[in-house]
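[1] My questions concern the predicted model and sequence given below.
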Amino acid sequence: MSIRYVATSKLPTPYGVFAMHGFEDSETGKEHVALTMGVVDDGEPVLGRVHSECLTGDALFSMRCDCGAQLQAALQAIAKEGRGVLLYLRQEGRGIGLMNKIRAYKLQDAGADTVEANEQLGFGADMREYGMCEVMLKQLGIRSLRLMTNNPRKVKAMETVGVTVTERCPLQTGRNPHNERYLQTKAGKLGHWITPPET
Ligand SMILES: Nc1nc2c(ncn2[C@@H]2O[C@H](COP(=O)(O)OP(=O)(O)OP(=O)(O)O)[C@@H](O)[C@H]2O)c(=O)[nH]1
Ligand SMILES: [Zn+2]
């Protein structure tokens, strides 16, 4: 595994002060970050979020997806418990990168759904892999998670890297008229556990 722990610092946020741990992957050049709060290496399951980078949603307030709202809700939930972990993984655009995500959004503007757009560009619907989580969580002393996600693939991925998911905590937030079709496609084609809105 080419992932290496680099350093830890404090990260004050509106939700509380986290510890920020940096990791780098010498093979891909990607720099991943883990935020923790409280004691997470005591062997008890840790409330956790494995968040994939979404520059548009996390930093630029995009309403095309639900990522920004999920990121905030996860940090809030961790702060409320005073204990937890958030892995911020640099696999933008479900692993296809930012420029290809913009190409995919252009295809979506012309009528494709989020899966069709990836496929038209020659990619799979979801190109992410989670091997780096093994090293990151091991470094932090975390062996089991109460995982905040609606994505069944993520639960499976954690188990593949040897992390036990003791509980799956739904993270449904950020629904708006601009991401309605996106959420429907995630539920219908990618199998996400997303409850349809009340009609
Ligand atoms: N290729 C592509 N990537 C997207 C699109 N919308 C969001 N993303 C990326 O998708 C990732 C987030 O994945 P989602 O499928 O929304 O959610 P998830 O992380 O799998 O599942 P949750 O844990 O429930 O949030 C981020 O890397 C985003 O940049 C899109 O239309 N096309
Ligand atoms: Zn997003």
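    It's in. Computed from a prediction, not measured in an experiment: that's the story for all the values here. Residues are numbered from 1 along each chain as shown. Ligands and ions are numbered 1, 2, ... in the order given.
[2] Next to ligand 2, which bits of the protein? Give me the list.
    54, 57, 65, 67 (C-beta under 5 Å from the ion). Yep, even glycine has a C-beta here, placed from its N, CA and C like the rest.
[3] Quick one: neighbours of the last one, just the number.
    The tally of other residues near residue 67 (other C-beta atoms under 10 Å) stands at 20.
[4] Pull the contacting residues for it.
    Shown in contact with residue 67 (C-beta atoms under 8 Å, 6 or more residues apart in numbering): 51-52, 54, 56-58, 174.
[5] re the thing from before, of the residues of the chain next to ligand 2, which are in range of ligand 1?
    Checking these against ligand 1 by C-beta under 6 Å from any ligand atom, the ones in range are 54, 65, 67.
[6] now, which of these sits nearest ligand 1?
    residue 54 (3.4 Å; C-beta to the nearest ligand atom).
[7] Just give me the neighbour total for that closest one.
    Residue 54 is flanked by 23 other residues according to other C-beta under 10 Å.
[8] Isn't it up against residue 92?
    Yes: using C-beta atoms under 8 Å, residue 54 makes contact with residue 92 at a distance of 6.8 Å.
[9] what residues do those two have in common as contacts?
    By C-beta under 8 Å, 6+ apart, no residue touches both residue 54 and residue 92.
[10] Name the nearest of the contacts of residue 67 relative to residue 132.
    Among the contacts of residue 67, residue 52 lies closest to residue 132 (C-beta to C-beta), at 11.4 Å.
[11] Farthest-apart pair in the residues of the chain next to ligand 2, please.
    Taking every pair in these and measuring C-beta to C-beta, the maximum separation is 6.1 Å, between 54 and 65.
[12] Spatially, which two of the contacts of residue 67 are the most separated?
    52 and 174, at 14.8 Å, using C-beta to C-beta across the contacts of residue 67.
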